[in-house]
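In: coordinates only, no sequence provided:
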């Protein structure tokens, strides 16, 4: 009769590990193993379907949508009654999709919801205008949400891919937004340079903060650096839009950006000055 | 008026659910299978053909088990099932889902036969542990009779040659309803043990000699149920981190002995024993005394009446009666969460020691009882005993976490009780 040396409990003959703590059991091969108390399951059935709480939310939402559809159908007499009916129907479908996806993850649910929302917006636009008008911009906005708010979550292991994906996504978004009227007017002239300016500055500041001589950055450091990026990118946008000839209205942004950059670099590297702003050096 | 006659002894097309089981069908879901298993391991080989014959005889005698569950416009109800039940192999995991399983032919129980084992999974709508035990033992006695063994009087079972009695199908909860009683005091939210849930349930069974355990419980001066409940509370208090929520254990109590009324349907309630870790550290002796006091207070007859009246008043409420079933379903789920699962940390159900005459018990080696846990409370424990042995069966939805079972059995071993462990965690 085998025992678990850690738990001190008797075990079935023939078991390889203690079911309580996983400790290996020394098996005496002379002893014939007894048939297991719990027989080996054939065609093991897993519990399928929804849990109770999810089922409750699902049923309540279904009931509410049926009631809402009935109330709308009975109370609205205009010819546009299909509009609220369709909206409630879409909301219900979105809910059902969210609650019935097998092994749901944020990525799965958000992706399906984004596709569904795009389909709904295009359908609504087509029903109203017999053409794609406003839904184009709405759809690419939804796509931007997917690129910025969903896709990065599956690229968390390789941060560099996440960064490249975000920048590329933003660039493509700007180009698609510009292509709304069938022409590429401002995106390549202003949009792309501004995004590149943001990218270069962000990378430069990340490098700056990672230098071994840089003190541990505080929240205010991050806020100032983002503020500097915003100032320079607006200035750069103006610079690009006026044909790379001269700066017009954005001069103030350039000056403010430069002033904050000097301040931030001084505060970061001059210990004697930094200690006036941050408590950690004050008592040295 | 047969349709609404609660005392009808034989189901004729429509058979209302008892008060306790009204909540079960709408709340049945993944991780809420509401199935319990009772099984006996024998020292003789099982003849499947004879077992099937015995089952058919018993279902003729107990037509209230030969039913299927249907959904009416206002309520779920039971209806006679004209199909023939199948006997399954014993390679099915205990307590797998029973509702909407094609191979079960709408029956609310599943009989499994192994080489030496008869196991029955019951859907809780049909009966509770007490009724299930009677059904299983009656089936076994009928099997022995068909195998030409001479069996005399066996207390607590139903023989196939006896006439059906009105008490067998009676919903005994109804007779304890008093409209004027106030509702029971509200219970605080309990601590819930958290972990990664598996897609299936795991079972860990520990068998011990009752004599060994009795020595230990005598040393402390308490009963086995009180002792095991206190030990389980101690284990959960140790696993609780900074949360400091009360550890509350739900202990189902059969009302048959307490009230002297018998039925083959659900007739049990649960008491909730609570220890609040915010009040400081409890010694094991202190936990034991709290368990005893709280159990005594809650099984007092006025308290039982109050508890039953609250449950029955819900069923008799005019709005609940007249609202269609599809509207009621989601609210039943929410109610069962608020008044059920959030209130307790785990369940410990002690079916007790089965006393059978030697001519029957001499065939039985093991008598097991398995519960299913649920999503909020992923570990539960069931206790049963026969022939001087006690079987403590843990069921768990946790994937690789056996901390509760491990601590529980290690305490017993530390106190000198020999435990033999079986598990389907391989």
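Out: Noted; the coordinates are in hand. Please read these numbers as outputs of a predicted model, since none were measured by experiment.
In: quick check, central residue of chain B?
Out: Within chain B, the residue whose C-alpha comes closest to the C-alpha centroid is residue B:129; the distance, by CA atoms, centre = their mean, is 4.3 Å.
In: now that one: closest residue in space that isn't a chain neighbour?
Out: The spatial neighbour of residue B:129 that comes closest, neighbours along the chain excluded (CB to CB, 6 or more residues apart in numbering or on different chains), is residue B:351 at 5.0 Å. C-beta coordinates here come from the backbone N, C-alpha and C atoms, glycine included.
In: contacts only, for that neighbour.
Out: Taking CB atoms under 8 Å, 6 or more residues apart in numbering or on different chains as the contact definition, residue B:351 lies against B:38, B:129, B:130, B:133, B:369, B:382, B:383, B:384.
In: how far away is it from residue A:225?
Out: As for residue B:351, its distance to residue A:225 is 68 Å (criterion: CB to CB, to the nearest Å).
In: one more: residue A:138?
Out: Per CB to CB, residue A:138 is found 33 Å from residue A:225.
In: then residue B:43?
Out: Counting by CB to CB, the gap from residue B:43 to residue A:225 is 80 Å.
In: those two - which one has more neighbours?
Out: Neighbours were counted for residue B:43 and for residue A:225 using other CB atoms under 10 Å in any protein chain shown; residue A:225 has more, 22 against 9.
In: which outside residues touch the host helix or strand of the more buried one?
Out: Residue A:225 belongs to helix A:219-241 when elements are defined using DSSP states H and E. Contact with helix A:219-241 is made by A:186, A:189-190, A:193-194, A:197-198, A:201-202, A:205, A:209, A:247-251, A:253-254, A:256-257, A:260-261, A:263-264, A:267-268, A:277, as judged by CB under 8 Å, 6+ apart.
In: strands of the stretch 101-250 of chain B, start to end?
Out: With DSSP state E, counting those that start in this stretch, the ranges of strands along the stretch 101-250 of chain B come out as B:109-113, B:117-123, B:197-209, B:247-254.
In: as JSON lines, these with mean neighbour count, mean pLDDT and distance to chain A would be great.
Out: Below are the strands of the stretch 101-250 of chain B laid out as JSON lines (neighbours: other CB atoms under 10 Å in any protein chain shown; pLDDT from 0 to 100; distance: least, CB to the nearest CB, whole Å):
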{"stretch": "strand B:109-113", "mean neighbour count": "21", "mean pLDDT": "95", "distance to chain A": "10"}
{"stretch": "strand B:117-123", "mean neighbour count": "22", "mean pLDDT": "96", "distance to chain A": "9"}
{"stretch": "strand B:197-209", "mean neighbour count": "21", "mean pLDDT": "93", "distance to chain A": "4"}
{"stretch": "strand B:247-254", "mean neighbour count": "23", "mean pLDDT": "94", "distance to chain A": "17"}
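In: in chain B, where is pLDDT below threshold?
Out: Low-confidence segments of chain B, defined by pLDDT under 70, are located at B:1-12.
In: how is it partitioned into domains?
Out: Per automatic domain parsing, the structural domains of chain B span B:2-171, B:197-423.
In: reformat those domains into TSV and put distance to residue A:231 next to each item.
Out: Shown next, in TSV, are the domains of chain B (distance: least, CB to CB, whole Å):
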stretch	distance to residue A:231
domain B:2-171	54
domain B:197-423	45
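In: who wins for proximity to residue A:19 among those domains?
Out: Proximity to residue A:19 (CB to CB) singles out domain B:197-423 among these, at 3.4 Å.
In: who in chain A is up against chain B?
Out: A:4, A:7-12, A:18-21, A:35-42, A:44-53, A:55-57, A:59-60, A:63 (CB under 8 Å from any CB of the partner chain).
In: let's see which of the residues you listed end up in helices.
Out: Counting by DSSP state H, the part of the residues of chain A next to chain B found in helices is A:52, A:53, A:55, A:56, A:57, A:59, A:60, A:63.
In: which non-adjacent residue is nearest the fourth one?
Out: Same thing as residue A:56. What sits nearest to residue A:56 in space, not counting adjacent residues and going by CB to CB, 6+ apart, is residue B:333, at 3.7 Å.
In: pull up the gap between the one you found and residue B:26, please.
Out: Residue B:333 sits 6 Å away from residue B:26, taking CB to CB as the criterion.
In: rewinding a little: counting neighbours, which bits of the helix holding residue A:225 end up buried?
Out: Residues of helix A:219-241 classed as buried under the neighbour-count rule (16 or more other CB atoms under 10 Å in any protein chain shown) are A:221, A:224-225, A:228-229, A:231-240.
In: what's the average pLDDT for whichever helix or strand comes after that helix?
Out: Once helix A:219-241 ends, the next helix or strand along the chain (criterion: DSSP H and E) is helix A:251-269. Mean pLDDT, taken over the full extent of helix A:251-269, equals 90.
In: mind listing the helices in the stretch 251-400 of chain B by residue range?
Out: Applying DSSP state H, counting those that start in this stretch to the stretch 251-400 of chain B gives helices spanning B:255-259, B:284-298, B:301-316, B:318-322, B:325-338, B:358-361.
In: no wait, the stretch 51-200 of chain A
Out: Secondary structure of the stretch 51-200 of chain A (DSSP H, counting those that start in this stretch): helices located at A:52-75, A:82-100, A:106-129, A:135-145, A:159-178, A:192-210.
In: just put those in CSV and tack on distance to residue A:151 and mean pLDDT.
Out: Formatted as CSV, the entries for the helices of the stretch 51-200 of chain A read as follows, by distance: least, CB to CB, whole Å; pLDDT from 0 to 100:
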stretch, distance to residue A:151, mean pLDDT
helix A:52-75, 26, 88
helix A:82-100, 18, 87
helix A:106-129, 8, 92
helix A:135-145, 10, 93
helix A:159-178, 6, 88
helix A:192-210, 17, 89
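In: test my guess that residue A:27 contacts residue A:14.
Out: Yes. The pair formed by residue A:27 and residue A:14 meets the contact definition of CB atoms under 8 Å, at 7.2 Å.
In: and of the domains of chain B, who's closest to residue A:126?
Out: Minimum separation from residue A:126 across those (CB to CB) falls at domain B:197-423, 34.6 Å.
In: who are the neighbours in contact with residue B:253?
Out: With contact taken as CB under 8 Å, 6+ apart, residue B:253 is in contact with B:268, B:269, B:270, B:271, B:299.
In: and residue B:350, by the same measure?
Out: If you count contacts by CB under 8 Å, 6+ apart, residue B:350 has them with B:224, B:225, B:228, B:251, B:382, B:383, B:384.
In: how near is the closest residue to the second one other than its chain neighbours to chain A?
Out: Same thing as residue B:225. Here the nearest residue to residue B:225 in space, its sequence neighbours aside, is residue B:350; by CB to CB, 6+ apart that works out to 4.6 Å. With distances defined as CB to the nearest CB, to the nearest Å, the gap from residue B:350 to chain A amounts to 20 Å.
In: for stretch A:235-245, the distance to its chain's centre please.
Out: The chain centre lies 32 Å from the centre of stretch A:235-245; the measure is CA atoms, centre = their mean, to the nearest Å.
In: how many residues are close by residue B:225?
Out: Other residues within reach of residue B:225 by the criterion other CB under 10 Å amount to 19.
In: what does residue B:20 give?
Out: Neighbourhood size, residue B:20 [other CB under 10 Å]: 21.
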